[in-house]
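*Asks:* turn this into a model:
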Amino acid sequence: MTEIHALRDAYRHDKAALLATMQATGASTRGIRVMLRKLSTLAGGLLQALWQRAQLPADLALVAVGGFGRDQLFPYSDVDVLLLLPEGCTTDSGCELRAQLESFIGSCWDAGLEIGSSVRTVAECLAESAQDVTVQTSLLEARLICGNGALFAQFQQQYSAQLNPQAFLVAKTLEMRQRHTKYENTPYALEPNCKESPGGLRDLQMILWVARAAGLGRNWTELAAKGLITPFEVGQLHKHEGTLKLVRCLLHVAAGRREDRLVFDLQTAVAESFGYQSSPGQRASEVLMRRYYWAAKAVTQLSQILLLNIEERLNPPTQAPQPINARFLDKNGLIEVASDDLYQRDPHAILETFLLYQSSTGLQNLSARTLRALYNARTVMNAEFRRDPVNRKLFMEILRQPRGQTHALRLMN
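*Replies:* Numbering: from 1, shown residues only. Purely as a prediction, here's the structure:
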């Protein structure tokens, strides 16, 4: 047990030093990616030492899954691992291997790791993932820590062969909608969950999961190379993802435990970690929340564009878009701009988009191209735009429609 204590003390010391360095050098959206990778590497090194100490059979593999598999570990997140067994290997009660595995998992807890573990063969992994999309998602980003590399390669090959990108997209989209409903379909909650709320980190992870399952890329740069997002959007995604990760990391540190909600009691502490200070006219927490809401809003908009683009790649439209008028097309029930620069050339078309959506029963939403055009036209909607008599008239027409004001205004927001 003395050896375990020494490993635990070294792990806690090194982890505390990493977090202290982050706090001392100031909050940085660029540095947070390196910090999360270092925390993941630190936990991985401890697991390798414990694995060697346990002297488990050489044909087993220790695999990182979930967020740990992404090589991104937040200060107090669970360290999720899969102990992968070869086919025919049994862990029945009373057998020697079962006792060894239980001893290894126990040593992880004793060494200070908040471990989440599963023990399965490749066949059991495939069976579980076929029944549970949460398991399927966790295994999608599996990464070998140590042990039998050939067994892990076999698992990866069979898992990829079984994965159905279309079914996975449908399941994750439904899961996202249920999660958004749980958090009242708004990124603007007073105490938002920076991981699970609309516009939180889970929305970005969901996009990368479905893209990876479809073979479209594993990161924003690879998605851009496939034409799914623009270089400008890549920069925006990196910026706002970094903000959300930094908020979550500092939230864990301020709470001293896993805490993903920006509760009132912690908002000031997190704000001060960012370097914000209260002034007579504004509290530090207000500055923090404004920054958070700005990032969450952008993530909501950009993830919607990306999801529609991925859906279109997996399910290409069966017919060409039909003209509605000189400015818009009907693309399988979605409103599509006739040109990418429509709103720059004709700002009045912005509100016309929402009036068209509201007044046409056959048009159910906006296409990815239209959403992108609106996102790029944000600077057009300034004070002069709001004073324009034509825009005021169009807005009043939206309000005077016999139905659909709520849907139109929500979409506009």
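
*Asks:* start and end of stretch 194-201, how far apart?
*Replies:* End-to-end distance for stretch 194-201: 7 Å, by CA to CA, to the nearest Å.

*Asks:* assign the nearest residue to Lys182 once chain neighbours are set aside to helix, strand or coil.
*Replies:* The shortest distance from Lys182 to any non-neighbouring residue, by CB to CB, 6 or more residues apart in numbering, is to Glu196 (7.7 Å). To be clear about C-beta, it is placed using only N, CA and C from the backbone, and glycine gets the same treatment. Classification of Glu196 by DSSP: H, G, I helix; E, B strand; the rest coil places it in coil.

*Asks:* Glu196 - how many residues pack around it?
*Replies:* Neighbour count for Glu196, taken as other CB atoms under 10 Å: 16.

*Asks:* next: Leu201.
*Replies:* By other CB under 10 Å, neighbour count at Leu201 equals 23.

*Asks:* surely it meets Val247?
*Replies:* No. Under the criterion of CB atoms under 8 Å, Leu201 is not in contact with Val247, lying 9.2 Å apart.

*Asks:* hang on, the earlier thing: my guess is the residue nearest to Lys182 meets Thr181, correct?
*Replies:* No. Using CB under 8 Å, Glu196 makes no contact with Thr181, being 11.6 Å away.

*Asks:* so who does Glu114 touch?
*Replies:* Listed by CB atoms under 8 Å, 6 or more residues apart in numbering, the contact set of Glu114 reads 76-79, 258.

*Asks:* from those, pick the one nearest Ala127.
*Replies:* Asp78 (23.2 Å; CB to CB).

*Asks:* can you report how many residues lie near the residue nearest to the closest one when sequence neighbours are not counted?
*Replies:* Leaving aside its chain neighbours, Asp78 sits nearest to Gly116 (4.3 Å; criterion: CB to CB, 6+ apart). If you count neighbours by other CB under 10 Å, Gly116 ends up with 16.

*Asks:* out of the contacts of Glu114, which are inside helices?
*Replies:* Nothing among the contacts of Glu114 maps onto helices, per DSSP state H.

*Asks:* neighbouring contacts of stretch 102-113?
*Replies:* Residues contacting stretch 102-113 (CB under 8 Å, 6+ apart): 1, 4, 7-8, 11-12, 43, 46-47, 50-51, 53-54, 56, 79, 83, 115, 117.

*Asks:* ugh, wrong one, stretch 297-311
*Replies:* Counting contacts by CB under 8 Å, 6+ apart, the residues outside stretch 297-311 that touch it are 169, 173, 187, 198-200, 203-204, 206-207, 210-211, 214, 216, 223, 228-229, 233, 236-237, 240-241, 244, 334, 367-368, 371-372, 375.

*Asks:* can I have the buried ones of the contacts of stretch 102-113 as a PyMOL selection?
*Replies:* Paste this into PyMOL to select the buried members of the contacts of stretch 102-113, with burial taken from 16 or more other CB atoms under 10 Å:
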select buried, resi 4+7+8+11+43+46+47+50+51+54+56+79+83+115+117
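
*Asks:* so which of the contacts of stretch 102-113 belong to helices?
*Replies:* The helices, defined by DSSP H, take in 4, 7-8, 11-12, 43, 46-47, 50-51, 53-54 from those.
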